[in-house]
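Undergrad: missing the sequence, but the structure's below:
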């Protein structure tokens, strides 16, 4: 019997490398769909584990919230194994090529684009700052936002490395995310989920500090 669309979380472990440094990280891989079809958000580190979690369901797309290596390193292998396209905002192609110089994404993500799976629509929100092509996915039917590394419990994602910009991430959060309903659950790229309502007071402090 097919049940309704749901959100599944898989945590994978590996490394993040940029600007000559490498760090151990745990990443959230989000699987959205039902018993028939799913979308994977951020194919991180372990194609075997992600493929096992997808199981026999049809994988409609692998969506990259941004192109830091720890969010995309398993994407090409997963795409080849399960026959799914890899989707990335074009502004993050320079970062993508650092990890996968010989394999381009299959299609571009655009602000306002709608991705559909299992009767649920996910709207692409371009939220640059952590990376130029960073996006979030908003699924109102699931009361959910998939924020990648744009928003975490406690504040914005990091902006201390190449291709990132603090005022830009603050603007993205203020204009694109704080406008969402307060009860929206934020499913982050690392760590535990939070809500828009829980983060709004912290974010206003960040906004004041950044201007």
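TA: Here it is on my side, so go on. No experiment lies behind these values; they were computed from the predicted model shown.
Undergrad: any stretches of this structure with poor pLDDT?
TA: The chain contains residues with pLDDT under 70 at 1-3, 204, 210-211.
Undergrad: other SSEs contacting the biggest helix by length in it?
TA: Longest helix of the chain, by residue count under DSSP state H: helix 196-210. Using 3 or more Cβ pairs under 8 Å, 6 or more residues apart in numbering; DSSP states H and E as the contact test, the elements touching helix 196-210 are strand 155-156, helix 166-172. For every residue, glycine as well, the C-beta is placed using N, CA and C.
Undergrad: I'd like those written out as JSON lines, with mean neighbour count and distance to residue 58 added.
TA: Output for the helices and strands packed on helix 196-210, formatted as JSON lines (neighbours: other Cβ atoms under 10 Å; distance: least, Cβ to Cβ, whole Å):
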{"stretch": "strand 155-156", "mean neighbour count": "20", "distance to residue 58": "35"}
{"stretch": "helix 166-172", "mean neighbour count": "19", "distance to residue 58": "32"}
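Undergrad: which stretch among these comes nearest residue 77?
TA: Distance to residue 77, taken as Cβ to Cβ, is lowest for helix 166-172 among the helices and strands packed on helix 196-210, at 29.8 Å.
Undergrad: give me the helices and strands touching the closest one, please.
TA: Judged by 3+ Cβ pairs under 8 Å, 6+ apart, helix 166-172 is in contact with strand 155-156, helix 196-210.
Undergrad: am I right that residue 35 is in contact with residue 58?
TA: No. With contacts counted by Cβ atoms under 8 Å, residue 35 stays clear of residue 58, the gap being 10.5 Å.
Undergrad: which residues of this structure fall in helices?
TA: Here the chain has its helices, by DSSP H, at 47-54, 69-72, 75-82, 93-99, 166-172, 196-210.
Undergrad: who's in contact with the longest helix of the chain?
TA: Under the contact criterion Cβ atoms under 8 Å, 6 or more residues apart in numbering, helix 196-210 has outside partners 145, 151, 153-156, 166-167, 170, 173-174, 177-178, 180-184, 186.
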